[in-house]
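In: My questions concern the predicted model and sequence given below.
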Amino acid sequence: MTSKDEPALDEFGGPIGHGQVRTIRAPWGASTVTRVRKAVVADLRARGLDEQTVDETEIVVSELMTNAIRHARPLADGCLRVRWKVRGEVVEVEVTDGGGDTVPVPAPAAVWVSSGRGLRIIRSLAHEWGVGEDKGAQTVWAAMGGPSRRRAT
């Protein structure tokens with residue numbers, strides 16, 4: 001239980017609805033996706049963001065994490081880094097992994113495939129998105145609710 005002056009904490013130990021930027025070091029694995037998604041949604045709702053932006057961010061976080069787990073390697077500590085920043089009504093979320101054999105690009109449209117739609121979903125929901133690499137790490141990011149201050153790549 002927290003006093004009324006102390007913010008509630010999510011299961012990762014971060015304050016819900018406080019600060020402009022949140023970062024989670026999430027253990028590598030599919031079961032982590034749901035836990036992180038719940039933490040992000042709780043944080044965004046506590047901030048009073050528009051429900052459409054919260055819903056879109058929830059889907060994008062799920063897709064970014066799932067793609068990282070499916071197509072890349074964990075960071076050196078065996079984790080993924082999930083970071084989100086809220087500025088007004090804009091949410092910028094990013095997932096950093098240890099990189100993969102290819103650079104993430106949306107798959108071509110195909111009717112009969114059972115996977116490969118993650119980046120197409122992200123592209124359809126996000127105002128903008130991009131990929132960055134730095135010292136053996138790869139970050140895929142997306143902005144919901146409006147433009148970010150980054151340049152899409």
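Out: It's in.
In: do you know how far the residue positioned nearest the centre of the chain is from residue 76?
Out: Using C-alpha atoms, centre = their mean, the residue of the chain that lies closest to the mean C-alpha position is residue 61, 3.5 Å off. Distance, residue 61 to residue 76, by C-beta to C-beta, to the nearest Å: 22 Å. Any C-beta I mention is one placed from the backbone N, CA and C, and that applies to glycine too.
In: Can you give the distance of the helix or strand bottoming out on mean pLDDT in the chain from its chain's centre?
Out: Using mean pLDDT, DSSP states H and E, the weakest-scoring helix or strand in the chain turns out to be helix 118-125, at a mean of 80. Relative to the chain's own centre, helix 118-125 is displaced by 12 Å; criterion: C-alpha atoms, centre = their mean, to the nearest Å.
In: Would you mind pulling up the elements that the helix or strand just after it packs against?
Out: Note on helix 118-125: by DSSP states H and E, the next helix or strand toward the C-terminus is strand 128-134. Packed against strand 128-134 by the contact rule (3 or more C-beta pairs under 8 Å, 6 or more residues apart in numbering; DSSP states H and E) you find helix 118-125, strand 137-144.
In: try 7 Å
Out: Packing partners of strand 128-134 (3 or more C-beta pairs under 7 Å, 6 or more residues apart in numbering; DSSP states H and E): strand 137-144.
In: Taking their axis directions, the strand it packs on and helix 118-125 sit at what angle?
Out: What separates the directions of strand 137-144 and helix 118-125 is an angle of 30 degrees, with axes from the mean of the first three to the mean of the last three C-alpha atoms, to 10 degrees.
In: outside of strand 137-144, which residues touch it?
Out: For strand 137-144, contacts defined as C-beta atoms under 7 Å, 6 or more residues apart in numbering pick out 53, 56-57, 60, 64, 72, 75, 90-100, 104, 122, 125-132, 150.
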